[in-house]
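Student: I need the structure of the sequence given here:
(one chain, ligands or ions: 1)
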Amino acid sequence: MWYYLIAIGIIALDQLTKWIIVRSMAIGEQFPVIEPFLYITSHRNTGAAWGILQGQMWFFYIITVIVIGAVIYYIQQYAKTNVLIGVSLGFILGGAIGNFIDRIFRKEVVDFVDTYIGSYDFPIFNVADSALVVGVGLVFIATILDERKKGSKQT
Ligand SMILES: CCC[C@@H]1OC(=O)[C@@H](C)C[C@H](C)CCCCC(=O)CCC[C@@H](CC)/C=C/C=C(\COC)CC[C@@H](O)[C@@H](O)C[C@H](O)CNC1=O
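Tutor: All right, here's what the predicted structure looks like:
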């Protein structure tokens, strides 16, 4: 149950940061946090990662509802026995809903975390994206650990 609290916490943090950016920065405005690696840049994206599928909102609604449905199903199935799976699914749920709220009410996603890896300007992202990437990464780790545990029991 409290995995949903993780998702709610992420949604709250995501929406709060986006609200602050929308209210206090013009689109395109930038200020440095850690030169020359990290900046806050007010950005909007009507697509998904790297701006793919710009404007395909119905596609995003359908995918997001599928993602949310799958995550809730897996939380009911696995979170009781595997805490790490539960936590990672909570992250994915929070991230998916965070961007879903933007897509429904703003018809675009607010992004503001602008990182430069060397001279490469990584796509500007937000709290929800970070939660999604961390959640997906944790699911992989939890699955690998789970397989190892099963493997060691059989040997
Ligand atoms: C993170 C998933 C993207 C997020 O998916 C969502 O909402 C989900 C719930 C719904 C999507 C319609 C479905 C997933 C599409 C899969 C995808 O896209 C491949 C991702 C690979 C991943 C490998 C690591 C890259 C990650 C990149 C970025 C995030 O880096 C932290 C850059 C983000 C910036 O391009 C930013 O403008 C994006 C904008 O905020 C809208 N965000 C989305 O569409």
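Student: spell out which residues of the protein are next to the ligand.
Tutor: Within the chain, the positions near the ligand by Cβ under 6 Å from any ligand atom are 45, 48-51, 60, 63-64, 67, 96, 99, 109, 111, 123-126, 129-130, 132-133. For the C-beta atoms, the positions are set from N, CA and C on the backbone; glycine is no exception.
Student: restrict those to the buried ones and give me that as a PyMOL selection.
Tutor: To isolate the buried ones among those in PyMOL, judged by 16 or more other Cβ atoms under 10 Å, type:
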select buried, resi 45+48+60+64+67+96+99+109+111+124+125+126+129+130+132
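Student: inside helices: which ones of the residues of the chain next to the ligand?
Tutor: Filtering the residues of the chain next to the ligand for membership in helices, criterion DSSP state H, returns 60, 63, 64, 67, 96, 99, 129, 130, 132, 133.
Student: turn those residues into TSV, columns for distance to residue 14.
Tutor: As requested, those are exported to TSV (distance: Cβ to Cβ, whole Å):
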residue	distance to residue 14
60	16
63	18
64	14
67	15
96	11
99	8
129	9
130	9
132	10
133	13
